[in-house]
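J.: Okay, here's the prediction I keep looking at, along with the sequence it came from:
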Amino acid sequence: MPAFLVAVYAYSFPVAAFAVGAESVANVFFALLLLSGAVTQLILGGIADAHSPRRLIIYCMALATIGTVALATLDLHPALLFAVIVVLGAGLYGVNPPRDALISDLSPPEYEGRTFGYIFTAAMVTGAPLPTAIGYILETVGMREGFLLLAGGPILAILCVALLYSDRVYVAKPDASVDASD
């Protein structure tokens, strides 16, 4: 994200006798992405207990897609960039509470810890090479085009979660908090 913001926007500004460079501004926007994600996680933590985690994951991935596509296709004024970064952070990190609720719902109570361990290990192992792959894509096709390709990630996540609406893939436990009609 910071490399993208420096390469595409390169916003900088003076403060008194100092010049705040593009790298510093990009890191402020990156911090904003993380902070908006943290706030969203706190909000969605309670909401995920009362509503369908599948639906909330789809909403979050839709926000992530909108944010990524906006970054890739629009020339944003710093104020609009601020808003897009907040939306992107909310989408990318807001998914955590409903994802965890869904994992808890899908796994038997006696194997819940093991299930989390397997899922997060798989996520780390498959996610470890992604920074290198993403860097290669961004260098090869360009920053904006690469970010547009990255928007395929949340779209793929939406499709995977949508499969959980099929009775062939997912059947809610009778005592589960997720309404089968969701």
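T.: Here it is on my side, so go on.

J.: Provide a list of residues in contact with the residue nearest the centre of the chain.
T.: For the chain, residue 92 is the residue whose C-alpha lies nearest the centre (C-alpha atoms, centre = their mean; 1.4 Å). Remark: with contacts taken as C-beta atoms under 8 Å, 6 or more residues apart in numbering, residue 92 is in contact with 33, 37, 60, 64, 67, 154. Just so you know, the C-beta spots here come from the backbone N, C-alpha and C atoms, and that holds for glycine as well.

J.: which secondary structure elements does the longest helix belonging to the chain contact?
T.: Counting residues, the longest helix in the chain under DSSP state H turns out to be helix 22-50. Judged by 3 or more C-beta pairs under 8 Å, 6 or more residues apart in numbering; DSSP states H and E, the packing partners of helix 22-50 are helix 2-8, helix 53-73, helix 78-94, helix 96-106.

J.: please redo it, this time with the cut-off set to 6 Å
T.: With contacts taken as 3 or more C-beta pairs under 6 Å, 6 or more residues apart in numbering; DSSP states H and E, helix 22-50 sits against helix 2-8, helix 78-94, helix 96-106.

J.: So which of the ones you listed is nearest residue 163?
T.: Across the helices and strands packed on helix 22-50, the minimum distance to residue 163, taken as C-beta to C-beta, is reached by helix 96-106, at 12.3 Å.

J.: Now do that closest one: which elements does it pack against?
T.: In this structure, helix 96-106 makes packing contacts with helix 22-50, helix 53-73, judged by 3+ C-beta pairs under 6 Å, 6+ apart.

J.: For whichever helix or strand comes after it, give me every contacting residue.
T.: Toward the C-terminus, helix 96-106 is succeeded by helix 112-127 as the next helix or strand (DSSP states H and E). Contacting residues not belonging to helix 112-127 are listed as residue 107 [C-beta atoms under 6 Å, 6 or more residues apart in numbering].

J.: Now do helix 112-127 against helix 96-106, angle only.
T.: Angle between the axes of helix 112-127 and helix 96-106 is 130 degrees (criterion: axes from the mean of the first three to the mean of the last three C-alpha atoms, to 10 degrees).

J.: Pull the distance from stretch 67-80 to the chain's centre.
T.: 16 Å (C-alpha atoms, centre = their mean, to the nearest Å).

J.: Begin at 39, not 1, for the rest of this chat.
T.: Yep, numbering from 39; the last one is stretch 105-118 now.

J.: which residues sit against that stretch?
T.: 49, 122, 125-126, 129, 182, 185-186, 188-189.

J.: Could I get the average pLDDT for that stretch?
T.: Looking at stretch 105-118 alone, the average pLDDT works out to 95.

J.: How far does that stretch stretch from one end to the other?
T.: Counting by C-alpha to C-alpha, to the nearest Å, the length from the leading to the trailing residue of stretch 105-118 is 11 Å.

J.: do stretch 162-172 as well
T.: By C-alpha to C-alpha, the extent of stretch 162-172 from end to end equals 15 Å.
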